[in-house]
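Colleague: Any chance you can model this:
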Amino acid sequence: MMINMSMSMTAQTYNKDLEKSAKSGNVEAQRNLGICYFNGNGVKQSDKLAYEWLLKAAGSNDAEANFYLGKMYEEERVKVGGLIRIKGEDAKTIAFSSFMSAAQLGYAEAQIKIYHLYKNSDKEEAERWLNEAFKNGNAEAIYICAMQKTVSGEKYELLKQSAGKGYVPAQEALESAKVSADEEKNKVKPYRNIEVKKPNTILSILPMDILPIIDSLTIKGILNENDLAVIKSCTSLKYLDLTHCYTTLSEKEQKERNEEKAFLHSMFSLMGKVSDAKYKNGEISVSDNLYVQMFSELGKDKYQVKEGNKGCLIPAGAFMEMKNLVTVKLPYLATIIEGRAFMKCENLKYVEFPLYLEDIYGRAFKECTALENIEFPTSLKSMNKDTFDNCTSLKKVDLSKCIFESGYWNTYFNECTSLKEMHFPEGITVIGNQTFNANHRENDKWVSPECFYPKSLKKLSCGPFNTTVHFKSQEAPNIGGGQIRNCTVYVPKGSLTSYYAQLKDYNNTIKEE
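Modeller: Got it, this is the predicted structure:
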């Protein structure tokens, strides 16, 4: 049982009904009765009875009971058999174990306790438990995290949260934090809207001491990957508007990419030549040589050096791991978003895509766990299979107004466990394997997203289950046996017979739209 408290929120004043309920086996009552005896609330204080009742509740995995047991051992208030008091290292060891049990059960007061116990011996583990206590709303944890912030605005906002929970050190620090936050706002204000007329010059406009504290940037002009690297250094950035920018690659970057492609192209060429020579010498079979030749040709084609990309694009990894980024508006003219461009931007909620966007490369938005809905431009033609993996908040994907060039769909949306609605693009003729690793749990069963298939679909190799499915084609596509199970399937008027033959045996209900 996971709970979310920074301090006890339960009634802890003794009365006979509480004791009666505890004796009947009610775990919450047992814990509350133990706390009453622990503090002497409405009853004569008794370590013996406090220990007995808390132990009962702790045995049922009650987090708060485990925490109070830890306090009893820590304060050396427990006696073995009611006679021998547990002291020293033995008491500390058992106390730690009880605190840890409470922390693992989600009790924030125990989590901040574990932080303090670890902070001088294991900083990494201490930080982990501090973060857990912070997420669970512990006032002290919020205060500690606030005092770690170097950006005055962020520090002030956290101190307000902690002070609102009654934490006195936060209340005492609040006034001076506000003064610093206001000074910081005035400092960054002139730089929230800038124009970069020439690529590679952003630092001539944006002072370096502003980079860690600026939270909003609207930029006009021409940028290359070096300018974008500067923007990536703006670690507090929440809002980024590049709508009126032209982002491209520098000549140096394009040259390095072409040199790498040329090297790989020559390696694949050499592979084919070596295989051919081995075949002529009788060292390998015809089939092995044909396989290597095919692999060699594919590699040469992939890494063929072409004219430098002069177009507008978002380079690979450009904004990866910008933890505070919430909103981004991309360049109006960009046609490509390269791989890992926004990977692990864990607070990214809104992306305004370019009007002329054509391709999104692999892992571009992987682990953007705050993304909920995406509006794709009609110009989009392709998307790599792992583009949106682990976007665990993503609820709807609508590509119905897009026409994909490749007839084969293999974009998986792995671990997108909140995905409820999926509209596939036109142009798709074959849907391959693993499309539905985006299942979620409803009423103790796995459910696929509601699916809307395009008119162009000819073959379905991987389908949904326990959901609603919509087809557009009058002629049923080739649906592999059992690929659609336990679904309500809607088909166009007059096509019921065509679909019935393939779907009738798998507990599906087929209806005309």
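
Colleague: So K185 versus G153, what's the distance?
Modeller: Here the criterion is C-beta to C-beta, to the nearest Å. By it, K185 lies 7 Å from G153. Using the backbone N, CA and C atoms, a C-beta is placed for each residue, glycine as well.

Colleague: Please disregard the earlier target; I meant K187.
Modeller: K187 is 11 Å from G153, by C-beta to C-beta.

Colleague: got any residues that touch both of those two?
Modeller: Residues within reach of K187 and of G153 at once, by C-beta atoms under 8 Å, 6 or more residues apart in numbering, are I213.

Colleague: neighbour-wise, which of the two wins?
Modeller: Of the pair K187 and G153, G153 is the one with more neighbours under other C-beta atoms under 10 Å, namely 19 against 15.

Colleague: That one - that's part of a helix, no?
Modeller: Yes. Membership of G153 in a helix is supported by DSSP: H, G, I helix; E, B strand; the rest coil.

Colleague: OK, contacts around it?
Modeller: Taking C-beta under 8 Å, 6+ apart as the contact definition, G153 lies against 181, 184-185, 213, 215, 236.

Colleague: just the strands in the stretch 351-500 of the chain please.
Modeller: Counting by DSSP state E, counting those that start in this stretch, the segments of the stretch 351-500 of the chain that form strands are 359-360, 373-375, 382-383, 396-398, 408-409, 421-423, 430-431, 440-442, 445-447, 450-452, 459-460, 468-470, 478-479, 488-491.

Colleague: will you turn those strands into JSON lines that also has distance to G221, mean neighbour count and mean pLDDT?
Modeller: Listed next are the strands of the stretch 351-500 of the chain as JSON lines, based on distance: least, C-beta to C-beta, whole Å; neighbours: other C-beta atoms under 10 Å; pLDDT from 0 to 100:
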{"stretch": "strand 359-360", "distance to G221": "24", "mean neighbour count": "21", "mean pLDDT": "95"}
{"stretch": "strand 373-375", "distance to G221": "26", "mean neighbour count": "14", "mean pLDDT": "90"}
{"stretch": "strand 382-383", "distance to G221": "29", "mean neighbour count": "20", "mean pLDDT": "92"}
{"stretch": "strand 396-398", "distance to G221": "33", "mean neighbour count": "18", "mean pLDDT": "94"}
{"stretch": "strand 408-409", "distance to G221": "38", "mean neighbour count": "18", "mean pLDDT": "88"}
{"stretch": "strand 421-423", "distance to G221": "36", "mean neighbour count": "19", "mean pLDDT": "93"}
{"stretch": "strand 430-431", "distance to G221": "42", "mean neighbour count": "22", "mean pLDDT": "90"}
{"stretch": "strand 440-442", "distance to G221": "43", "mean neighbour count": "12", "mean pLDDT": "71"}
{"stretch": "strand 445-447", "distance to G221": "47", "mean neighbour count": "13", "mean pLDDT": "83"}
{"stretch": "strand 450-452", "distance to G221": "40", "mean neighbour count": "20", "mean pLDDT": "95"}
{"stretch": "strand 459-460", "distance to G221": "47", "mean neighbour count": "20", "mean pLDDT": "92"}
{"stretch": "strand 468-470", "distance to G221": "45", "mean neighbour count": "19", "mean pLDDT": "96"}
{"stretch": "strand 478-479", "distance to G221": "51", "mean neighbour count": "16", "mean pLDDT": "92"}
{"stretch": "strand 488-491", "distance to G221": "49", "mean neighbour count": "20", "mean pLDDT": "96"}
